[in-house]
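Q: Give me a 3D structure for the following:
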Amino acid sequence: MTESTPDPPMPPPPRVTSPPVSRLLVSGLFLALAVSGCGARTAPHRLAPDEVIKAATQRLTDSCLTRQGLTPPRPGQRTSDAEQQRVSAALFGTGPAELSLALPTGYVVRAHTDGCLAAAQQRLYGDQRRWFQVSVIVDNLRPEADHAHRSLAQVRARHRAEITDWQRLRAHALTQAAAVLDPNT
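A: Take a look at the predicted model:
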């Protein structure tokens, strides 16, 4: 009888568009109310770890774009095609992708090491290259198991080192994200 450990929470896949802001705005409103005392009779709203990392990533990428004289994208915002291309290049990087990982399923995942998103990942995870590798592997454990006709437990055992690194880097990102979001820093 083999013992299996529960799956680690899966990080969201990289997105081409900006993450939904409405949830962040609502969470930010609750946080602001709790800090200001307006919501003193209710329990303060605590963000889930994924939401903390997303909020910090948003703050870091927005700051990066603003430093470059660009307006961070928002849902429903209308901009010219040229402006969208400038923002996309600044956010996601340009040229050939520097990071690449071929999966056992045959798919190849690529990412840039330049751009505001890459800078945010480096700041939060401490090692963007390793985060890219382990997050792509962990995000694709089930597809690998299906492709190889193996159990998820067998595939997880094969990738134990990557799962351990994913957990370590994510814990580091959560600590860094809390510091990024702390109004006293």
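Q: Going by C-alpha atoms from here, please, whenever you check contacts or count neighbours.
A: Will do.
Q: correct me, but Thr105 touches Glu144?
A: Yes. The pair Thr105 / Glu144 is scored as a contact, 6.0 Å apart, by Cα atoms under 8 Å.
Q: When the two are compared, which one has more neighbours?
A: Neighbour count, other Cα atoms under 10 Å: between Thr105 and Glu144, Glu144 has more, with 21 against 13.
Q: dump the residue contacts of the more buried one.
A: Glu144 sits next to Leu103, Pro104, Thr105, Val155 when contact means Cα atoms under 8 Å, 6 or more residues apart in numbering.
Q: mean confidence for stretch 58-65?
A: When pLDDT is averaged along stretch 58-65, the result is 96.
Q: same thing with stretch 167-178?
A: Average pLDDT, stretch 167-178: 96.
Q: Show me which residues of it are buried.
A: Gln167, Leu169, Arg170, Ala173, Leu174, Thr175, Gln176, Ala177, Ala178 (16 or more other Cα atoms under 10 Å).
Q: distance between it and the chain's centre?
A: Put simply, stretch 167-178 sits 11 Å off its chain's centre (Cα atoms, centre = their mean, to the nearest Å).
Q: Ok, stretch 53-73 next?
A: Here stretch 53-73 is found 13 Å from its chain centre; the criterion is Cα atoms, centre = their mean.
Q: Show me what counts as buried in it.
A: Buried positions in stretch 53-73, judged by neighbour count with 16+ other Cα under 10 Å: 53-65, 70-73.
Q: element containing the most centrally placed residue in the chain, please.
A: In the chain, the centroid-proximal residue (Cα atoms, centre = their mean) is Lys54; its distance is 5.9 Å. For Lys54, the enclosing helix or strand under DSSP states H and E is helix 49-67.
Q: for that helix, packing partners?
A: Judged by 3 or more Cα pairs under 8 Å, 6 or more residues apart in numbering; DSSP states H and E, the packing partners of helix 49-67 are helix 81-92, helix 116-125, helix 160-181.
Q: change it to 6 Å
A: Helix 49-67 sits against helix 116-125, helix 160-181, with contacts defined as 3 or more Cα pairs under 6 Å, 6 or more residues apart in numbering; DSSP states H and E.
Q: next one: the first one to chain centre, how far?
A: Relative to the centre of its chain, helix 116-125 is centred 9 Å away, using Cα atoms, centre = their mean.
Q: just to revisit the earlier point, would you mind listing which of the contacts of Glu144 are buried?
A: Among the contacts of Glu144, those scoring as buried are Val155 (criterion: 16+ other Cα under 10 Å).
Q: which one of the contacts of Glu144 sits closest to Leu124?
A: Nearest to Leu124 among those, counting by Cα to Cα, is Leu103 at 24.8 Å.
Q: what's near enough to touch the closest one?
A: For Leu103, the contact set (Cα atoms under 6 Å, 6 or more residues apart in numbering) is empty.
Q: What separation is there between it and Pro72?
A: According to Cα to Cα, to the nearest Å, Leu103 and Pro72 sit 32 Å apart.
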